[in-house]
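Chemist: Just to be clear, the model below is a prediction. Sequence and coordinates:
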Amino acid sequence: MTAATQPLPASAAVPRAHSFGGIVRIYLLEAKYELVKILRLPAFLIPALGFPLMFYALFGLVLPMSKKGYQVSMYMLATYGAFGVIGIALFALGVGVAMERGQGWLAVKRASPMPLSAYFFGKYAMTIALSAVLLTLLVTLGIVFGSVRMPASHWTGLFASLMLGGIPFCAAGLAIAYMVGPNSAPAVVNAVYLPMAFLSGLFIPAEMLPPFLQNVAQFLPPYHLARLALTAVGVEPIEKVWIHIGALITFAVVFTGIAALAYRRDEGKTFG
């Protein structure tokens, strides 16, 4: 038997991708190229980053000090940060997956050796990274033009609460992506996203809404994300923080379950 036809040793026959390091590399590469892809889409990137910055500049930096003693620029930094993070999760992840589902890209992913979970990990990682970019821009705007000053622990808490608190909305985006067709996904997301943001007090303080709408707001996910962010900057009392965390965890579990059921229903389809 020649060297060319000799069988490989058992250890060499195992693909490197099956090792722990190979699997980690697959996940990291998927996340990297998801981020590169989204950065090459100015039609999405400019509105996703631009609208929260524009709204914050218009409504967060021009209003006077509130009667409660905190800066409006600080309050709106938290609420418009939540608004931006939710928008990135629903559009970049939700609408993005819906479009790729319609193009048959997910069928290709299912047929490839790559774990399908790496695809979703890449989407989640891209959403969190893009949220970090948006929050950095908002914070810079608030510090330079809004004279926002906080202890380092408050800044850390703001970033952590908004970036981790955006995970339930990633799950909500996936649920929408698999429940509706790719052409209708942008309209459905807009129909859900904007009313929820208003009713949750992201545009104006929830305390300014009629009492009935204030009660409705407590059942909406953006309300609890905004309350967490406001707690991080010292506006909301810390006593209720576990209520908001528990609500977001519950929403994440519910949306993930809906997304999983919709995904199983979608298996075998070429497009939505």
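Modeler: Now that the structure is in, tell me what you want to look at. Residues are numbered from 1 along each chain as shown.
Chemist: Residues touching stretch 119-127, excluding its own?
Modeler: Contacts of stretch 119-127 from elsewhere in the structure, counted by Cβ atoms under 8 Å, 6 or more residues apart in numbering, are 27, 30-31, 33-35, 37-38, 88-89, 92-93, 96-97, 106, 109, 166-167, 170, 174. In short, each C-beta sits where N, CA and C put it, glycine included.
Chemist: Just the buried residues out of these, in PyMOL syntax.
Modeler: Per 16 or more other Cβ atoms under 10 Å, the buried members of the contacts of stretch 119-127 correspond to this PyMOL selection:
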select buried, resi 27+30+31+34+35+38+88+89+92+93+96+97+106+109+166+167+170+174
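Chemist: Filter the contacts of stretch 119-127 down to the ones in helices?
Modeler: 27, 30-31, 33-35, 37-38, 88, 96-97, 106, 109, 167, 170, 174 (DSSP state H).
Chemist: Measure how buried residue 117 is and give me the count.
Modeler: Residue 117: 12 surrounding residues under other Cβ atoms under 10 Å.
Chemist: ok, now how distant is it from residue 125?
Modeler: Residue 117 sits 12 Å away from residue 125, going by Cβ to Cβ, to the nearest Å.
Chemist: do residue 51 as well
Modeler: 23 Å.
Chemist: Of the two, which one has the most company?
Modeler: Ranked by neighbour count (other Cβ under 10 Å), residue 51 and residue 125 place residue 125 first, with 17 against 14.
Chemist: Residue 180 versus the more buried one, what's the distance?
Modeler: Residue 125 is 24 Å from residue 180, where distance means Cβ to Cβ.
Chemist: same deal with residue 215?
Modeler: For residue 215, the distance to residue 180 - Cβ to Cβ - is 29 Å.
Chemist: what's the answer for residue 169, then?
Modeler: 16 Å.
Chemist: Looking at these two, which has the bigger crowd around it?
Modeler: For residue 169 versus residue 180, neighbours defined as other Cβ under 10 Å are more numerous around residue 169 (29 against 18).
Chemist: so what's the more buried one up against?
Modeler: Shown in contact with residue 169 (Cβ under 8 Å, 6+ apart): 85-86, 89-90, 221, 225.
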